[in-house]
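Chemist: Sharing a model that was predicted from the sequence below.
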Amino acid sequence: MLGMIRNSLFGSVETWPWQVLSTGGKEEVSYEERACEGGKFATVEVTEKPVDEALREAMPKVMKYVGGTNDKGIGMGMTVPISFAVFPNEDGSLQKKLKVWFRIPNQFQSNPPIPSDESIKIEERESITVYSTQFGGYAKEADYIAHATQLCAALEGTATYRSDVYFCTGYDPPMKPYGRRNEVWLVKT
């Protein structure tokens, strides 16, 4: 626990590498098309719980792993954003399933520490191209749904993306009260 707190307060923060390919907007919604680098990720999957509740279960596990609860006992520093995949129903609501994806920092990509918690898996993910829109505040499930709906409307007729999954992202520690950054990413097809 102390490692997790030390890491979040004093650890380094690395940004997940991506390249902006284009920008656009429609009405009140602005977005970027980004090519996001692949790599190794620590993942935690939670099912049978609403998104907000599932995040309260999954995020501490990831933070403990990053903070040193691993076979090497070392804090790795943070990579932002932390993303989580959600799975929409046809009506736009979200299934009771999510998967948190934490990109392992570059210096540990070739040999990531092994998680002590067996619910954390290390997975390789290919590069992806996404359409991203940004918003502030302490984001909840309803906020992600609303911004995903707005982004879909802004892209209508101009872009193709997966409809079975999208990513919700956060850049800030929970103790940051102002200037928070969240995003929704639709995966380009």
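Modeler: Cool, the structure landed.

Chemist: Surely residue 143 and residue 135 touch.
Modeler: Yes. Using C-beta atoms under 8 Å, residue 143 is in contact with residue 135, at 6.9 Å. Yep, even glycine has a C-beta here, placed from its N, CA and C like the rest.

Chemist: Common neighbours of those two, please.
Modeler: Contact criterion C-beta atoms under 8 Å, 6 or more residues apart in numbering; residues shared by residue 143 and residue 135: residue 182.

Chemist: got the residue ranges for the strands in the protein?
Modeler: For the chain, applying DSSP state E gives strands covering 13-15, 18-26, 29-36, 39-47, 78-80, 82-88, 94-103, 121-125, 128-135, 161-170, 182-188.

Chemist: okay, these in a markdown table with mean neighbour count next?
Modeler: Converted to a markdown table, those look like this (neighbours: other C-beta atoms under 10 Å):
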| stretch | mean neighbour count |
| --- | --- |
| strand 13-15 | 13 |
| strand 18-26 | 12 |
| strand 29-36 | 18 |
| strand 39-47 | 20 |
| strand 78-80 | 20 |
| strand 82-88 | 20 |
| strand 94-103 | 20 |
| strand 121-125 | 12 |
| strand 128-135 | 19 |
| strand 161-170 | 18 |
| strand 182-188 | 22 |
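
Chemist: Relative to residue 62, which of the ones you listed is closest?
Modeler: With C-beta to C-beta, the closest approach to residue 62 among these belongs to strand 94-103: 4.9 Å.

Chemist: average model confidence for stretch 125-133?
Modeler: Computed over stretch 125-133, the mean pLDDT rounds to 98.

Chemist: and if you look at stretch 27-41?
Modeler: 97.

Chemist: end-to-end on that stretch?
Modeler: In stretch 27-41, first residue to last residue: 35 Å (C-alpha to C-alpha, to the nearest Å).

Chemist: Might you calculate how far that stretch sits from the centre of the chain?
Modeler: Averaging C-alpha positions (C-alpha atoms, centre = their mean, to the nearest Å) puts stretch 27-41 11 Å from its chain's average.

Chemist: what's the spacing between residue 158 and residue 18?
Modeler: Applying C-beta to C-beta, to the nearest Å, the value for residue 158 to residue 18 is 21 Å.

Chemist: So what touches stretch 178-189?
Modeler: Outside stretch 178-189, the residues that reach it (C-beta under 8 Å, 6+ apart) are 33-34, 81, 83, 128-139, 143-144, 147-148, 151-152, 155, 159-162, 165-172.

Chemist: which strand residues sit across from residue 166 in the sheet?
Modeler: residue 86, residue 186 (DSSP bridges).

Chemist: That one is in contact with residue 84, isn't it?
Modeler: No. Using C-beta under 8 Å, residue 166 makes no contact with residue 84, being 10.0 Å away.
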